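Novice: have a look; sequence and predicted model below, questions after that.
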Amino acid sequence: MAVTSMELCLKQPSLSNMKQRILITILGLAFFFLLGNAKPISLYDADPNIIIIDKIEIEILGNSTVGKYNCVNPHSYRDTIYLNSTTKNSLKSEISMSNFECGNKIMNKDLKTTVKAVKFPKSTVTITNIKPFGTNFKCSLNFRITDKTLSYQNLVLKNTKENLEGTVAVKFSDIGLEPPTKMGGIIKVKNEFVIHFNLYKL
């Protein structure tokens, strides 16, 4: 059966239709790759009154007659702070006193002995009443270590993109402890030290 030239023209797609199909295919691929590389948008990102904490890190910093020391205890922890809320505006976490890392085994052992980690294996950090303070925050802090509780009001938490951080000055004598000594008192740890709190954001 003979096919006329008009019938062939009807069966073959026009040049403009082919261009449209190619363009749609390219746009579809581009959209697919954009979606694949896109970062998911969290509802929390858009709400400045919500802060998600992903990790807590406690640092103990001090000095001795032979130099400085720095003991760090990172602690996996997930919680959400709701600013300007009466229902959930606090954080509370237990810290294992055996997990402090001071840089070497001797210092690790000395710290555990000093803070009586066998008798008091856990300390408790409680942060409440968190409020905006300029670009930073203020809070109330209770830190229970051994059988003593250190309380601080209006503690400033510095606010950065990665974390909230605060620092308090403490004395061993404040918590009923003796600063460690070595070699018959030749090496002495000073009574004063600093506790540095890092609350890492998700």
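Specialist: Nice, I can see it. Worth saying up front: this structure is predicted, and the values here are computed from it rather than measured. Numbering: from 1, shown residues only.
Novice: which residues are in contact with the closest residue to E178 other than its chain neighbours?
Specialist: The spatially closest residue to E178, leaving aside those adjacent along the chain, is F172, at 6.4 Å (CB to CB, 6 or more residues apart in numbering). The C-beta positions use only the backbone N, C-alpha and C, and glycine is treated the same way. Going by CB atoms under 8 Å, 6 or more residues apart in numbering, F172 touches 114, 178-179, 189, 191, 193.
Novice: same question for stretch 134-151, mean pLDDT?
Specialist: What stretch 134-151 shows for mean pLDDT is 94.
Novice: just give me how far it sits from the chain centre.
Specialist: Put simply, stretch 134-151 sits 17 Å off its chain's centre (CA atoms, centre = their mean, to the nearest Å).
Novice: can you list contacts of that stretch?
Specialist: Against stretch 134-151 from outside (CB under 8 Å, 6+ apart): 97, 115-116, 119-120, 123-131, 152-159, 164, 166, 168, 170, 174-177, 195, 197.
Novice: can you pull the buried residues of it?
Specialist: Counting neighbours by 16 or more other CB atoms under 10 Å, one finds that the buried residues in stretch 134-151 are 137-141, 143-146.
Novice: likewise for stretch 159-177?
Specialist: Buried-residue list, stretch 159-177, by 16+ other CB under 10 Å: 159, 163-166, 170, 172, 175, 177.
Novice: quickly list what L155 is bridged to.
Specialist: C139 (DSSP bridges).
Novice: shouldn't it be in contact with V168?
Specialist: Yes. With contact defined as CB atoms under 8 Å, L155 and V168 form a contacting pair (6.8 Å).
Novice: which residue ranges of the chain form helices?
Specialist: 5-11, 15-37, 105-114 (DSSP state H).
Novice: ranking those helices by mean pLDDT, which is last?
Specialist: Among the helices of the chain, helix 5-11 scores lowest, with a mean of 47.
Novice: quick one on the thing from earlier: quick check: the farthest pair among the buried residues of stretch 134-151?
Specialist: Pairwise distances across these (CB to CB) peak at 28.0 Å, for the pair F137 and T146.
Novice: was I right to think A169 contacts H196?
Specialist: No. Under the criterion of CB under 8 Å, A169 is not in contact with H196, lying 10.5 Å apart.
Novice: that older thread, which one of the contacts of F172 is nearest D79?
Specialist: So of these, ranked by how close each gets to D79 (CB to CB), first place is F193, at 26.7 Å.
Novice: good, we can wrap up now.
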